[in-house]
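Novice: pasting the sequence and the predicted model now:
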Amino acid sequence: MRALHLHLPVHPSTPGSARRQLRQWLQGLGWPREEAEDLVLAVNEAVSNAVEHAYSTSVLTRDHRRPEVELHVTDAVEPANAQHES
């Protein structure tokens, strides 16, 4: 199965979407349910923080060989000179 790479909007529904997509990806790998839920919980926390404090967020899995998976959650702070419409 391919690596999972999600570009996620900064929106209140984003953590739920990330959880569903990651859970589905891990199920496709045959990952043990309890361990998968631990990973989903960790990513949920990171994505929730990114949504609350950042301009954008993404989730990238780098390696999915059992018994290890490497997950990266990145965010981007809004540029200081960004223009907002009022």
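Specialist: Sure thing, it's come through.

Novice: avg pLDDT for the host helix or strand of Ser17?
Specialist: Assessed by DSSP states H and E, Ser17 sits inside helix 14-28. Taken as a whole, helix 14-28 has a mean pLDDT of 92.

Novice: one more: stretch 72-82?
Specialist: Per-residue scores along stretch 72-82 average to 62.

Novice: would you put the C-alpha positions of the lengthiest helix in the chain in CSV?
Specialist: Ordering each helix of the chain by length in residues (DSSP state H) puts helix 33-53 first. Extracted in CSV, the C-alpha atoms of helix 33-53 (Å, rounded to 0.1, in the frame of the first residue of the first chain):
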residue,chain,number,x,y,z
ARG,A,33,-6.7,-2.2,15.9
GLU,A,34,-5.4,-1.1,19.4
GLU,A,35,-2.1,0.1,18.0
ALA,A,36,-3.9,1.9,15.1
GLU,A,37,-6.1,3.7,17.6
ASP,A,38,-3.0,4.9,19.5
LEU,A,39,-1.6,6.3,16.2
VAL,A,40,-4.9,7.9,15.3
LEU,A,41,-5.1,9.5,18.7
ALA,A,42,-1.6,11.0,18.4
VAL,A,43,-2.3,12.4,15.0
ASN,A,44,-5.6,13.8,16.1
GLU,A,45,-3.9,15.7,18.9
ALA,A,46,-1.2,17.1,16.5
VAL,A,47,-3.8,18.0,13.8
SER,A,48,-6.1,19.6,16.3
ASN,A,49,-3.2,21.8,17.5
ALA,A,50,-2.2,22.7,14.0
VAL,A,51,-5.8,23.6,13.1
GLU,A,52,-6.0,25.8,16.2
HIS,A,53,-2.6,27.6,15.8
